[in-house]
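**Student:** This is a predicted model, with the sequence first.
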Amino acid sequence: MIPKYEAIAADIHRSIEDGTLKPGDKLPTVVEFCELYSVSKITVKRAIEQITKEGLITSRRGSGTYVKDTAGLPGQAFFQGKNDRAQGFSYEHRGEKVTSVVYDFSIVNPPADIAAQLGIAEDDFAYHIVRVRQADVGSPSLSSTPTCPSS
């Protein structure tokens, strides 16, 4: 039996996939989800967190939670789930010691093109990270400057 939060997340995911929930649609509030599924707030929050990590929804402080428009993104590159991201640099260097040095971590309003790729508004906040990742071979192997939605 799967945990309730996973079942709720799967239900929301299906609703997005089948078009019942469309890009820009506002999701019910946590309290409304609690009533709909007869579960606690913690269960609903875990489900929302899971769908957020999948890149299908975004929350805007004081406004609500909305379905993202992911159409037209190359290979859904910006919205792969946590498990897919783990298949990147760390996966390629499994068995080696992987380290990261973060040179900048800031909260920004992203430029218009980045906001569009992330499926957020230009006035939404995003995390801007400048880091160098290194495997134990002794020299930097990857430099990345991602900008990620903050919610």
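**Tutor:** That came through, no problem.
**Student:** hey, let's count contacts and neighbours off CA atoms from now on
**Tutor:** Fine.
**Student:** Which residue lies closest in space to T43, excluding its sequence neighbours?
**Tutor:** Spatial nearest neighbour of T43, chain neighbours left out: Y5 (5.1 Å); criterion: Cα to Cα, 6 or more residues apart in numbering.
**Student:** how deep is that neighbour tucked in, by neighbour count?
**Tutor:** The local packing of Y5 (other Cα atoms under 10 Å) involves 21 other residues.
**Student:** mind checking the SS state of it?
**Tutor:** helix (DSSP: H, G, I helix; E, B strand; the rest coil).
**Student:** just D104 next, same as before
**Tutor:** Secondary structure, three-state DSSP: D104 is strand.
**Student:** now it, nearest residue through space, not along the chain?
**Tutor:** Among residues not flanking D104 along the chain, V130 sits closest, at 5.0 Å (Cα to Cα, 6+ apart).
**Student:** what does V102 give?
**Tutor:** Per Cα to Cα, 6+ apart, closest to V102 is R131, 4.3 Å.
**Student:** So that neighbour versus L27, what's the distance?
**Tutor:** Per Cα to Cα, to the nearest Å, R131 is found 34 Å from L27.
**Student:** Repeat that for E96.
**Tutor:** In terms of Cα to Cα, E96 sits 42 Å off from L27.
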